[in-house]
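Novice: Need a 3D model of the sequence below.
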Amino acid sequence: MSKDRAQAFEAALNGVLGDYLAERHPGLAFELGLRLDGRPLPLTAEALQQAYPNGSKHLCLLVHGSSYDESCWAYPADPATNYGRLLEAEFGVTPLYLRYNSGLHISQNGRALAELLEQLYEVYSPGISELTLLGHSMGGLLIRSALYYGETLGHRWRGRAKRAIYLASPHLGSPHEKLGQVVTKVLHAIPDPVVQLAGKLAELRSAGVKDLRHGSLLDQDWSGGEEGRPNVLPLPTDLDHYLAAATLNEDQDHLLSRMLGDALVRVPSALGPGRQAGLQADHLAIFPGMHHMQIVHDPQVYQQLRAWWGATGAAPVQATAPTNPTSPAATPSWQRLAAYRGLVIDAVEHGVTAIQEVQEKLTQRPYDVLQQVPPLEAPVKVVRAVHYGVMRGSYRTIRMINRLTGDALAKVLGEPTKPE
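Specialist: Residues are numbered from 1 along each chain as shown. Now for the predicted structure:
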């Protein structure tokens with residue numbers, strides 16, 4: 001597998017199982033932080049100065065969506081081009097790129113982003129006179145959550161946030177996650193072990209994905225353990241907001257456009273908070289004939305970003321390209337392989353348990369019927385006990401082999417032994 005494909009796979013894995021990875025296999029879980037050219041950018045004055053020797057006082061933070069990382073902003077035909085670099089070249093903005101574990105709750109990432117921006121405010125030596133936040137899909141929700149927590153915690157960076165741009169963000173929820181929730185409930189309600197197993201698999205969606213059902217932004221939307229509509233969080237009035245949506249069909253009024261939007265987010269969800277806040281029409285944009293991921297790297301969208309920049313009186317300037325910073329090395333290969341090994345072992349373990357549960361429930365039915373016949377009750381109990389004993393012993397053997405195989409792989413991979 002190529003490096004790019006491996007990175008894309010890990011980003012998708014974080015989106016689907018990110019909360020599980022953070023708890024059980026942190027070697028595969030993304031950590032929220034700034035990235036430059038794919039490498040971590042430490043939040044120190046020295047690292048930032050080396051990365052941006054001619055850094056501007058106007059920063060633009062780009063926040064990717066669910067199951068992706070910061071590489072999603074790259075133009076397919078020219079990976080060196082993205083909105084951040086274009087804005088830097090034309091308006092002298094210094095672009096920063098965020099990577100985060102999109103499987104965690106949006107509010108967890110939002111609070112962490114607020115803390116990161118406060119730390120950035122402290123160490124960025126040119127100072128921050130203006131901060132623009134640009135988010136795609138879940139990234140837009142993350143921005144709104146960070147704005148809330150930054151205000152609540154009294155962070156100084158909040159006073160520098162002047163513009164927020166949301167590209168195809170499901171502010172009012174995603175129809176796909178709403179459908180997933182309904183399907184999961186239906187599967188759990190059907191009294192069949194195989195169907196309920198499918199329900200359990202559907203329930204494995206990460207916390208971040210589940211938050212997309214209604215666009216949950218705050219801790220209290222999920223911390224109580226009850227499902228329902230999240231708290232309504234209006235757009236803060238101390239900065240300018242710009243919202244964009246896309247539709248698959250060239251006709252934005254077409255039935256397909258109204259039903260599916262850009263395939264993942266419908267127009268009312270993407271533009272909802274802006275319309276509710278009474279924003280002027282030039283703060284809202286719809287891009288017909290564009291799918292959900294195209295909106296993150298399209299020349300037409302960039303022209304709209306330019307217009308939104310020009311609306312605030314920004315003047316084009318010549319920017320100096322940044323140099324590569326000295327960044328920490330990537331996670332050691334043995335740690336990544338160890339994390340993959342652990343994930344595979346867990347998958348086998350959970351798979352064996354699920355199959356065992358289904359088999360036991362299916363086997364239970366004929367024994368229950370036979371035990372209703374008085375002459376057969378005693379012998380059936382004996383046969384049942386023997387049968388279940390052998391069956392459970394077989395599954396225990398499979399689990400033992402799985403663990404032994406994992407231990408053998410650990411030695412082959414050369415994982416350091418833990419101190420006693």
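Novice: only C-alpha atoms for contact and neighbour calcs from this point on.
Specialist: OK.
Novice: Mind giving me the packing neighbours of the stretch of helix or strand residue 271 belongs to?
Specialist: If you go by DSSP states H and E, residue 271 is part of helix 267-276. Judged by 3 or more C-alpha pairs under 8 Å, 6 or more residues apart in numbering; DSSP states H and E, helix 267-276 is in contact with strand 240-247, strand 284-288.
Novice: just the ones you listed: most buried one?
Specialist: Looking across the helices and strands packed on helix 267-276 with neighbours counted as mean count of other C-alpha atoms under 10 Å, the highest average goes to strand 240-247: a mean of 24.
Novice: any idea of the angle that strand forms with helix 267-276?
Specialist: 160 degrees (axes from the mean of the first three to the mean of the last three C-alpha atoms, to 10 degrees).
Novice: Take strand 240-247, keep the C-alpha atoms, and write them as PDB.
Specialist: Only the C-alpha atoms of strand 240-247 are listed here, as PDB (Å, rounded to 0.1, in the frame of the first residue of the first chain):
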ATOM      1  CA  ASP A 240     -18.700  37.400   9.800                       C
ATOM      2  CA  HIS A 241     -20.100  34.100   8.700                       C
ATOM      3  CA  TYR A 242     -20.100  32.700   5.200                       C
ATOM      4  CA  LEU A 243     -21.900  29.400   4.300                       C
ATOM      5  CA  ALA A 244     -21.700  27.300   1.100                       C
ATOM      6  CA  ALA A 245     -23.600  24.300  -0.100                       C
ATOM      7  CA  ALA A 246     -23.400  22.100  -3.200                       C
ATOM      8  CA  THR A 247     -25.900  20.000  -5.300                       C
END
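Novice: Need the helices and strands packed on helix 267-276 in TSV (columns: distance to residue 105 and mean pLDDT).
Specialist: Below are the helices and strands packed on helix 267-276 laid out as TSV (distance: least, C-alpha to C-alpha, whole Å; pLDDT from 0 to 100):
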stretch	distance to residue 105	mean pLDDT
strand 240-247	22	96
strand 284-288	27	96
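Novice: Give me the residues contacting the helix holding residue 271.
Specialist: Contacts with helix 267-276, where a contact means C-alpha atoms under 8 Å, 6 or more residues apart in numbering, come from 166-174, 234-235, 241-247, 258, 261, 283-284, 286.
Novice: State the mean pLDDT of it.
Specialist: Helix 267-276 carries an average pLDDT of 95.
Novice: So for it, what gets flagged as buried?
Specialist: 267, 268, 269, 270, 271, 272, 273, 274 (16 or more other C-alpha atoms under 10 Å).
Novice: what's the distance between the fourth one and residue 62?
Specialist: Taken as C-alpha to C-alpha, to the nearest Å, the spacing of residue 270 relative to residue 62 amounts to 18 Å.
Novice: what's around residue 115, how many residues?
Specialist: Residue 115 has 18 neighbours, counted by other C-alpha atoms under 10 Å.
Novice: Ok, the one 4 residues further on next?
Specialist: Residue 119 is surrounded by 16 other residues when neighbours are defined as other C-alpha under 10 Å.
Novice: for residue 308, same thing?
Specialist: Neighbourhood size, residue 308 [other C-alpha under 10 Å]: 20.
Novice: Check whether it sits in a helix, strand or coil.
Specialist: Taking DSSP: H, G, I helix; E, B strand; the rest coil as the rule, one finds residue 308 in the helix state.
Novice: residue ranges for the strands of the stretch 101-250 of the chain, please.
Specialist: For the stretch 101-250 of the chain, the strands defined by DSSP state E, counting those that start in this stretch cover 130-136, 161-167, 240-247.
Novice: Any chance of CSV for those strands, columns distance to residue 100?
Specialist: Listed next are those as CSV, based on distance: least, C-alpha to C-alpha, whole Å:
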stretch, distance to residue 100
strand 130-136, 12
strand 161-167, 17
strand 240-247, 22
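Novice: Residue 207: which of those strands is closest?
Specialist: Closest to residue 207 of these, according to C-alpha to C-alpha: strand 130-136, at 18.4 Å.
Novice: tell me what the closest one is packed against?
Specialist: Contacts defined by 3+ C-alpha pairs under 8 Å, 6+ apart place strand 130-136 against strand 58-63, helix 138-152, strand 161-167.
Novice: again, 6 Å this time
Specialist: Packing partners of strand 130-136 (3 or more C-alpha pairs under 6 Å, 6 or more residues apart in numbering; DSSP states H and E): strand 58-63, strand 161-167.
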